[in-house]
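what follows is a predicted protein model with its sequence.
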Amino acid sequence: MIATETVKLITHKEIGTDEFNAPVYEDVETPVSGVVVGSPTFDQQVSELNLTGKHLAFILGIPKGDTNSWEDSTVIIRGKKFKTYGPTLEQTPANVPLKWNKQVKVELYE
């Protein structure tokens, strides 16, 4: 059996405008259950650092049917904040035999 966790996805929701008609945002925490929190291999960490300059901390497996926007978001995993980066890699759900069809890369956000 594959162990999963509940992570908190923090997104910015537009709640109105200020006196200069600029948008005002509020952070919204959304718990997402059934997420696989995978550790990258050493080779993946080195490749990401060389290619993007990012320190890859985890690769998240997102469950099928999830409709949240994961790009450029903050995620709380095991009580620590992480930032997502890069595109969300998504496979056709019918072609994936398990429960997860998306992958998201995260780096530690201090």
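Yep, it's here. Residues are numbered from 1 along each chain as shown.

please count neighbours and contacts with C-alpha atoms only from this point.
Will do.

in this structure, which spans are helices?
42-52 (DSSP state H).

residue boundaries of the strands in it?
Assignment of strands within the chain using DSSP state E yields the ranges 5-17, 23-38, 56-63, 74-77, 80-90, 100-108.

nearest to Gln45, of the ones you listed?
Among the strands of the chain, the nearest to Gln45 by Cα to Cα is strand 56-63 (5.5 Å).

quick one: that closest one to strand 5-17, angle?
Taking axes from the mean of the first three to the mean of the last three Cα atoms, to 10 degrees, strand 56-63 and strand 5-17 form an angle of 90 degrees between their directions.

just to revisit the earlier point, looking at the strands of the chain, which is nearest to Glu48?
Smallest distance to Glu48 across these (Cα to Cα): 6.5 Å, for strand 56-63.

now tell me which helix or strand of this protein has the poorest mean pLDDT.
helix 42-52 (a mean of 91; mean pLDDT, DSSP states H and E).

can you name every helix or strand that that one contacts?
strand 56-63 (3 or more Cα pairs under 8 Å, 6 or more residues apart in numbering; DSSP states H and E).

on that earlier part again, only C-alpha atoms, please: export the least confident helix or strand of the chain in CSV.
Taking C-alpha atoms only, helix 42-52 is exported to CSV below (Å, rounded to 0.1, in the frame of the first residue of the first chain):
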residue,chain,number,x,y,z
PHE,A,42,20.0,12.4,-5.8
ASP,A,43,20.2,12.5,-9.6
GLN,A,44,16.9,14.4,-9.8
GLN,A,45,18.1,16.9,-7.2
VAL,A,46,21.3,17.6,-9.0
SER,A,47,19.6,17.8,-12.4
GLU,A,48,17.0,20.3,-11.1
LEU,A,49,19.7,22.4,-9.4
ASN,A,50,21.8,22.5,-12.6
LEU,A,51,18.8,23.1,-15.0
THR,A,52,16.6,25.5,-12.9
